[in-house]
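Enquirer: pasting the sequence and the predicted coordinates here, then a few questions.
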Amino acid sequence: MKPGPTQSNPLREGIVARNVPEGCTVVIFGATGDLTHRKLMPALYNLAADGELPPELTVIGMARRPKSDDEFRQDLREAAGKFSRQTVRDELWTGFAGSVFYHQSEFHDADGYKRLGERLDQIEKERATGGNRLFYLAVAPDQFPPILEHLAAAGLNKPREGAWARVIVEKPFGTDLATARQLNSIVQAAFPEEDTYRIDHFLGKETAQNILVLRFANAIFEPLWNSRYIDHVQITAAETLGVEGRAGYYDKSGALRDMVQNHLLQLLCLVGMEPPTDLGADSIRDEKVKVVRSLRRLSAAAVATDVIRAQYAEGAISGKPVPAYRAAENVKRDSKTETFVALRLHIDNWRWSEVPIYMRVGKRLPKSGTEISIHFKKAPCVLFNKEARAHDDNVLVIRIQPDEGISLRMDAKMPGTSLRIEPVKMDFHYGTSFGKTSPEAYERLLLDAMSGDATLFARRDEVEQAWEFIDRIENAWQESDAPPLCEYPAGSWGPDSAEELLGRDGRAWRRL
Ligand code: BG6
């Protein structure tokens, strides 16, 4: 019989205590890659240092380069020194490193998987992991199919008696609806949906998880959370960084596929969803997928007016000159890939009817930060609002990163004998209120996958619905009469047309 999840849903934490997951072996494909060094191993080390992992936890890294276990551990030690959230302590590292092994194989070599199986059997016996296996595909997407097919051919996808076998698939999950469906079929030929964990690391961010707590653990917001009181919503994900050596992937993808299809739509779902019937993974995901289904599909004409795409040109950030996107390594000199997108969307349901949702995402912007702002409708034009000068709206800001927190802007009387009204902020900062740093998204997500909790992972239908929505925009951009790609200087907030998108509705982007 298949064991059930071993711990409470992450959103029920505090209601039900979190347990340490069962022993298991995490097999990472792409063990010598960037993701493993920057994110996965530091995350596992931090979990181990915080006592969140079972002592039997074992990691096997698989990659093509020949390397001994010790060389692999040494590489990881260096990377952890650079990228770990907590300082790496030698005595803790030594214990942790003893649970890490390296397995060399090409990803398309059947014999490599046979040997992996034998190694797993042996290590599992020695370390008493109980035979539980979590396969992590931290590789380029073209390697997903061969790895999944070989895992299945070697029988490694099948859980052993009394144990479980799960797979984590990194993004990008397809490049459009057709490829996402194809990939879903390949994944599902090897692992059932309930054992498939599609990563969207934004869902592992502390403040993203807090959106549901804010909305559904408090009584004051939900009655206001609808078109009667909300004027509009803005979601911004800004980065000062450029493509940082990932041009091979990014130049084929662009900002819409790279960030909007997954991260931004996921955030929108958390803001827009109805209260779920319970905190079960599927109850929450059922509500999220309804939001994507209710997104108004954009016609080519609507794409022309409501979606702005742009690419950064030469500019400067914090006084430092930045070359144009097209001058970056591995980017085609005539690349038409967008590094910035701004969109105006609508969720066509009762709650959100006629409330515009503005989203923007971009690289090489003046500041890095991700936030959601809920802009409430103005107070009636009587009493203090009678004068011509309009007061500022009430705005609830959810800061996803950095300086995670929530603030509420309201008007207040300035002290003094005259009546002067000025906006003030009620501000909650995670750092100061709880006095501890938030875990990295990958820590939470790895722990959840080990514990069999898929709440913070994207389900098949969510991913496919999101692609269906995005494909229409991509297709409209291919038309000969589509508005051309705009340019913006690096270090600016995007092209003027992004300002006009809100300006023509009498609104403006919130300053980050
Ligand atoms: C990734 C995108 O998924 O998210 C990158 O591929 C982007 O282009 C990154 O830079 C942003 O994530 P974070 O956690 O650094 O905000």
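Expert: That came through fine.
Enquirer: with adjacent residues omitted, what lies nearest to the residue of the stretch 1-150 of the chain found nearest the ligand?
Expert: In the stretch 1-150 of the chain, the residue that lies nearest the ligand is residue 39 (9.4 Å; CB to the nearest ligand atom). (Each C-beta comes from the backbone N, C-alpha and C, glycine too.) Excluding the flanking residues, the one nearest residue 39 by CB to CB, 6 or more residues apart in numbering is residue 442, at 4.7 Å.
Enquirer: and the host helix or strand of residue 488, what other elements does it pack with?
Expert: Following DSSP states H and E, one finds residue 488 within strand 486-489. Judged by 3 or more CB pairs under 8 Å, 6 or more residues apart in numbering; DSSP states H and E, strand 486-489 is in contact with strand 307-313, strand 315-317.
Enquirer: dump the ones you listed to a markdown table, plus mean pLDDT and distance to residue 497.
Expert: Shown next, in a markdown table, are the helices and strands packed on strand 486-489 (pLDDT from 0 to 100; distance: least, CB to CB, whole Å):
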| stretch | mean pLDDT | distance to residue 497 |
| --- | --- | --- |
| strand 307-313 | 98 | 5 |
| strand 315-317 | 97 | 17 |
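Enquirer: can I get the ones you listed in a markdown table with mean neighbour count?
Expert: Below are the helices and strands packed on strand 486-489 laid out as a markdown table (neighbours: other CB atoms under 10 Å):
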| stretch | mean neighbour count |
| --- | --- |
| strand 307-313 | 24 |
| strand 315-317 | 17 |
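Enquirer: out of the ones you listed, nearest to the ligand?
Expert: The ligand lies closest, by CB to the nearest ligand atom, to one member of the helices and strands packed on strand 486-489: strand 307-313, at 13.5 Å.
Enquirer: closest residue of the stretch 201-350 of the chain to the ligand?
Expert: Nearest residue of the stretch 201-350 of the chain to the ligand (CB to the nearest ligand atom) works out as residue 258 at 4.7 Å.
Enquirer: three-state assignment of that residue?
Expert: helix (DSSP: H, G, I helix; E, B strand; the rest coil).
Enquirer: the residue nearest to it when sequence neighbours are not counted - how many residues pack around it?
Expert: Excluding its sequence neighbours, the residue lying closest to residue 258 (CB to CB, 6+ apart) is residue 250, at 6.4 Å. By the measure other CB atoms under 10 Å, the count of residues near residue 250 is 23.
Enquirer: you'd agree residue 250 is up against residue 259?
Expert: No: using CB atoms under 8 Å, residue 250 is not in contact with residue 259, being 10.4 Å away.
Enquirer: how close does the residue nearest to residue 39 get to residue 81?
Expert: Look at residue 442 and residue 81: by CB to CB, to the nearest Å, they are 17 Å apart.
Enquirer: the more surrounded of those two?
Expert: A count of neighbours by other CB under 10 Å puts residue 442 above the other of residue 442 and residue 81, at 21 against 12.
Enquirer: pLDDT score assigned to that one?
Expert: Predicted confidence (pLDDT) for residue 442: 96.
Enquirer: now name the helix or strand holding it.
Expert: helix 441-451.
Enquirer: and what of residue 162?
Expert: Judged by DSSP H and E, residue 162 forms part of no helix or strand.
Enquirer: check the spacing between it and residue 156 real quick.
Expert: As judged by CB to CB, residue 162 and residue 156 stand 17 Å apart.
Enquirer: quick one on the thing from earlier: the residue of the stretch 201-350 of the chain closest to the ligand and residue 237 touch, don't they?
Expert: No: if you go by CB under 8 Å, residue 258 and residue 237 don't touch, sitting 10.3 Å apart.
Enquirer: in contact with residue 512, which residues?
Expert: Each residue near residue 512 by CB atoms under 8 Å, 6 or more residues apart in numbering is listed here: 236, 238, 367, 369, 371.
Enquirer: I meant residue 493, not that one.
Expert: By CB under 8 Å, 6+ apart, residue 493 lies in contact with 238, 362, 365-366, 499, 509.
Enquirer: next: residue 73.
Expert: 97, 100.
Enquirer: pretty sure it sits in a strand.
Expert: No: assignment of residue 73 by three-state DSSP gives helix, placing it outside any strand.
Enquirer: could I get the pLDDT score of it?
Expert: What the model reports as pLDDT for residue 73 is 97.
Enquirer: the residue of the stretch 201-350 of the chain closest to the ligand: neighbouring residues, count only.
Expert: Residue 258: 23 neighbours (other CB under 10 Å).
Enquirer: now it: how far from residue 159?
Expert: Shown here: residue 258 relative to residue 159, a distance of 34 Å by CB to CB.
Enquirer: quick one: low-confidence residue ranges for the protein.
Expert: 1-18, 387-391 (pLDDT under 70).
Enquirer: need the residues of it near the ligand, please.
Expert: Where proximity means CB under 6 Å from any ligand atom, the interface of the chain facing the ligand comprises 171, 201, 239, 258.
Enquirer: hang on, isn't the first one packed against residue 262?
Expert: Yes: the pair residue 171 and residue 262 qualifies as a contact (CB under 8 Å) at a distance of 5.9 Å.
Enquirer: tell me how many other residues surround residue 329.
Expert: Residue 329 has 9 neighbours, counted by other CB under 10 Å.
Enquirer: got a list of what it touches?
Expert: Taking CB under 8 Å, 6+ apart, we find residue 329 in contact with 245, 247.
Enquirer: on the three-state scheme, it is what?
Expert: Assigned with three-state DSSP, residue 329 falls in the coil class.
Enquirer: i'd like the first residue to be 533 from this point on
Expert: Sounds good: first residue 533 from here, last item residue 861.
Enquirer: how far away is it from residue 894?
Expert: Per CB to CB, residue 861 is found 20 Å from residue 894.
Enquirer: phi, psi of residue 656?
Expert: phi -60, psi -40 (degrees, to the nearest 10).
Enquirer: checking my notes, the residue nearest to residue 790 in a strand, right?
Expert: No: assessed with three-state DSSP, residue 782 is helix; it does not lie in a strand.
Enquirer: can I get the residues of the chain next to the ligand in JSON lines including distance to residue 940 and secondary structure?
Expert: What follows is those, written out as JSON lines (distance: CB to CB, whole Å; DSSP: H, G, I helix; E, B strand; the rest coil):
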{"residue": "703", "distance to residue 940": "33", "secondary structure": "coil"}
{"residue": "733", "distance to residue 940": "27", "secondary structure": "helix"}
{"residue": "771", "distance to residue 940": "26", "secondary structure": "coil"}
{"residue": "790", "distance to residue 940": "31", "secondary structure": "helix"}
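Enquirer: tell me which two in these are the farthest apart.
Expert: Across the residues of the chain next to the ligand, the two members that end up farthest from each other (CB to CB) are 703 and 771, 16.1 Å apart.
Enquirer: picking up where we left off before, does the residue nearest to residue 571 touch residue 575 like I think?
Expert: Yes: with contact defined as CB under 8 Å, residue 974 reaches residue 575; the gap is 3.9 Å.
Enquirer: residues in contact with the residue of the stretch 583-732 of the chain found nearest the ligand?
Expert: In the stretch 583-732 of the chain, the residue that lies nearest the ligand is residue 703 (5.8 Å; CB to the nearest ligand atom). Shown in contact with residue 703 (CB under 8 Å, 6+ apart): 730-732, 794.
Enquirer: distance check, it against residue 668.
Expert: Computed as CB to CB, the residue 703 to residue 668 distance reads 13 Å.
Enquirer: same deal with residue 925?
Expert: 44 Å.
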